[in-house]
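K.L.:
Build me a model:
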Amino acid sequence: MQYDLNITENRISGIIVSKAIEIHSKLGPGLLESVYHKVLVHELRKAGLAVESETVIPVVYDGIEFEFGFRADIIVEKKVIIEVKSVENIQPVHKKQLLTYLKTTGLKLGLLLNFNTALLKEGIVRVANGV
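P.N.:
Residues are numbered from 1 along each chain as shown. As a prediction, this is how the structure comes out:
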């Protein structure tokens with residue numbers, strides 16, 4: 001997998017949002033998260049982005065790295081984490097979870113995408129880590 005070191009988090013997030021809106025307009029709300037996840041990975045790769053799916057984010061405690069930590073839905077270009085949801089409402093815990101992933105990895109930007117909305121723009125939450 002080759003990464004584009006010159007692409008910015010904002011450019012990546014713009015592509016992600018565009019592809020997510022395209023997917024939502026074609027599939028609509030109400031499907032399982034796993035469907036949106038797989039289709040989004042496919043579309044982002046088609047757009048030429050380096051995409052990791054279901055990436056383990058280890059927890060470091062007392063100098064020991066534990067591999068059973070977290071599992072990020074999607075990481076794009078090693079710069080942006082995406083958490084895919086298909087829920088009635090985004091809860092504060094969802095934002096906290098994404099912020100924890102960002103802090104643990106040292107990445108600066110995350111997107112929480114809830115596909116279970118009438119308009120996808122209502123289901124997009126941008127989470128920044130120190131930006």
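
K.L.:
Low-confidence bits of the protein, can you list those?
P.N.:
69, 131 (pLDDT under 70).

K.L.:
Can you check which helix is longest in it?
P.N.:
helix 9-27 (DSSP state H).

K.L.:
where does the residue nearest to the spatial centre of the chain land in three-state SS?
P.N.:
What sits nearest the mean C-alpha location of the chain, by Cα atoms, centre = their mean, is I82, with 0.3 Å. Secondary structure for I82, judged by DSSP: H, G, I helix; E, B strand; the rest coil, is strand.

K.L.:
ditto for G110
P.N.:
Applying three-state DSSP: G110 is strand.

K.L.:
Please look at it and K79 and confirm they touch.
P.N.:
No - under the criterion of Cβ atoms under 8 Å, G110 is not in contact with K79, lying 10.2 Å apart. In this view, the C-beta of every residue, glycine as well, is placed from N, C-alpha and C.

K.L.:
how about the strands of this protein, start to end?
P.N.:
Secondary structure of the chain (DSSP state E): strands at 51-61, 64-76, 80-85, 109-114, 124-128.

K.L.:
Of all these, which one is nearest V39?
P.N.:
strand 80-85 (9.7 Å; Cβ to Cβ).

K.L.:
before we move on, the earlier item: would CSV of the strands of the chain with distance to Y101 be doable?
P.N.:
As requested, those are arranged in CSV below (distance: least, Cβ to Cβ, whole Å):
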stretch, distance to Y101
strand 51-61, 6
strand 64-76, 5
strand 80-85, 5
strand 109-114, 7
strand 124-128, 9
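
K.L.:
Go through those strands and name the closest to K26.
P.N.:
strand 109-114 (14.8 Å).

K.L.:
sorry, back to before: looking at G110 and K79, which is more packed in?
P.N.:
G110 (26 against 21; other Cβ atoms under 10 Å).
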